[in-house]
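>>> coordinates only, sequence not included:
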């Protein structure tokens, strides 16, 4: 019985000591600088496929460090390459058609100039024949008025010459009408040829746009790293089908780790962007890392429905994001850390220790 009482007393003493230690720890934490707990995060980028194609090869493994632009995965490019070749052929054909249309427009322009000149020449010929025909008619009339003073043969010759010039004048007028119509047709042909040449130029522009699109599709057959970082996951194996928008690889950049912790409403005034902070990680108990507050949320998280009492207001918490100054790869994503506002003691020395 006495032994049980002793054991009970020892147990009560141990529990009292633990409780006192916990209360002292909580009191010190309450009296210390504002802060909280968070998890280290890195900059995560998902590399997604834009094509519906099979994975041909993976050029890296999960966990590998890659530089920006490094080749990660190659997709089957048979169809995009065939489309690229077809587009290049269409562009060459469009350029040839444009050259032919330009040549046709040039030839139509020259033909129009020739026909226009011919029509102008016909008008000049009509004027000349009209003058000659008028002169011949007057000559025949004078001979007829002379009566016996002239021979009948001379009168017949003058009348025949006037009739011939009349026929030539009528033929010239018909030829001039035909030439004028040909000139109009040639002008329309020139306009049509110019429109065809313009359409051929637009066809070249459309083919060039299709060519750029085809080249983009071919470039998408090689998925490259958009930034330097670590390959966290490779979602597909060679032979598997990558769908448009599907995540093929995930990269994590740990060069600038960050973490988010929450401050209660009563301590929010102590936080502001640009403020120094101290980070401690369980993996490095003897080391502190300098950090800096980046954002202070303007809206509370975990807000009760009705904030009426002081205890309710104390339950309001605001997310605070900090960027941590740590060597690349030292603080890994997912590591739990404790964050407190204010610069660490001896931060300049602590940051240089290996």
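All right, it came through fine. Being a predicted model, the structure only gives us computed values, none of them experimental.
>>> Give the buried residues for the longest strand seen in the chain.
In terms of residue count, the longest strand belonging to the chain (DSSP state E) is strand 247-264. Neighbour counts over strand 247-264 (16 or more other Cβ atoms under 10 Å) mark 248-254, 257-263 as buried. (Glycine included, C-beta is placed from N, CA and C.)
>>> Please apply the same query to stretch 53-64.
Buried residues in stretch 53-64 (16+ other Cβ under 10 Å): 53, 55, 58, 60.
>>> related to what we said a few turns ago, I'd like the buried residues of strand 247-264 written out as JSON lines, with distance to residue 292 added.
Shown next, in JSON lines, are the buried residues of strand 247-264 (distance: Cβ to Cβ, whole Å):
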{"residue": "248", "distance to residue 292": "34"}
{"residue": "249", "distance to residue 292": "31"}
{"residue": "250", "distance to residue 292": "27"}
{"residue": "251", "distance to residue 292": "24"}
{"residue": "252", "distance to residue 292": "21"}
{"residue": "253", "distance to residue 292": "18"}
{"residue": "254", "distance to residue 292": "17"}
{"residue": "257", "distance to residue 292": "12"}
{"residue": "258", "distance to residue 292": "10"}
{"residue": "259", "distance to residue 292": "12"}
{"residue": "260", "distance to residue 292": "14"}
{"residue": "261", "distance to residue 292": "14"}
{"residue": "262", "distance to residue 292": "18"}
{"residue": "263", "distance to residue 292": "16"}
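>>> pLDDT weak spots in the stretch 151-300 of the chain?
151-159, 161-162, 165-166, 168-169, 172-176, 178-179, 181-186 (pLDDT under 70).
>>> Let's see that with 80 instead.
Low-confidence segments of the stretch 151-300 of the chain, defined by pLDDT under 80: 151-197, 265-266, 299-300.
>>> Quickly list the domain ranges of this protein.
For the chain, automatic domain parsing gives the domain ranges 34-62+231-350, 79-219.
>>> before we move on, the earlier item: closest one to residue 295 out of the buried residues of strand 247-264, please.
Closest approach between these and residue 295, by Cβ to Cβ: residue 260, at 8.9 Å.
>>> Can you give me the distance of that closest one to residue 274?
Here the criterion is Cβ to Cβ, to the nearest Å. By it, residue 260 lies 17 Å from residue 274.
>>> Please narrow the buried residues of stretch 53-64 to those residing in strands.
The strands, defined by DSSP E, take in 53, 55, 58 from these.
>>> Now pLDDT and distance to residue 286 too, for these, in TSV please.
Formatted as TSV, those follow (pLDDT from 0 to 100; distance: Cβ to Cβ, whole Å):
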residue	pLDDT	distance to residue 286
53	90	51
55	92	45
58	94	40
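>>> Which single one of those is nearest to residue 282?
Distances from residue 282 to these, taken by Cβ to Cβ, are shortest for residue 58, at 34.2 Å.
>>> what's the distance between the closest residue to residue 220 other than its chain neighbours and residue 215?
Nearest non-adjacent residue to residue 220, counting by Cβ to Cβ, 6 or more residues apart in numbering: residue 50, 4.7 Å away. Distance of residue 50 to residue 215, computed by Cβ to Cβ: 13 Å.
>>> for the spatially closest residue to residue 34 that is not a sequence neighbour, helix, strand, or coil?
The shortest distance from residue 34 to any non-neighbouring residue, by Cβ to Cβ, 6+ apart, is to residue 267 (4.1 Å). Secondary structure, DSSP: H, G, I helix; E, B strand; the rest coil: residue 267 is helix.
>>> what about residue 267, how many neighbours?
Neighbour count of residue 267, defined by other Cβ atoms under 10 Å: 18.
>>> what does residue 35 give?
23.
>>> Same check on residue 343?
By other Cβ under 10 Å, the residues close to residue 343 number 15.
>>> Who are the contact partners of it?
276, 277, 278, 290 (Cβ atoms under 8 Å, 6 or more residues apart in numbering).
>>> List only buried entries from those.
Neighbour-count burial (16+ other Cβ under 10 Å) is assigned, among these, to 277, 278, 290.
>>> returning to what we had before: ok but the residue nearest to residue 220 is inside a helix, no?
No - when classified by three-state DSSP, residue 50 is found to be coil rather than part of a helix.
>>> can you start the count at 13 instead of 1 from here on
All right, first residue 13 from here; so that's residue 62.
>>> What's the separation between it and residue 333?
To residue 333, residue 62 is 32 Å away according to Cβ to Cβ.
>>> what ranges do the strands span in the stretch 13-162 of the chain?
47-51, 53-60, 65-70, 77-78, 83-87 (DSSP state E, counting those that start in this stretch).
>>> Export those strands as TSV, with columns for distance to residue 220.
Listed next are the strands of the stretch 13-162 of the chain as TSV, based on distance: least, Cβ to Cβ, whole Å:
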stretch	distance to residue 220
strand 47-51	50
strand 53-60	27
strand 65-70	25
strand 77-78	34
strand 83-87	25
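>>> which stretch in these has the least confidence?
Lowest mean pLDDT within the strands of the stretch 13-162 of the chain: strand 47-51, at a mean of 86.
>>> Now do that strand against strand 259-276: the angle between them, please.
Here strand 47-51 runs at 170 degrees with respect to strand 259-276, directions being taken by axes from the mean of the first three to the mean of the last three Cα atoms, to 10 degrees.
>>> Give me the buried stretch members for strand 47-51, please.
Across strand 47-51, burial judged by 16+ other Cβ under 10 Å covers 47, 48, 50.
>>> ok, now stretch 214-226?
Burial within stretch 214-226, assessed by neighbour count using 16+ other Cβ under 10 Å, is assigned to 215, 216, 219, 222, 223, 226.
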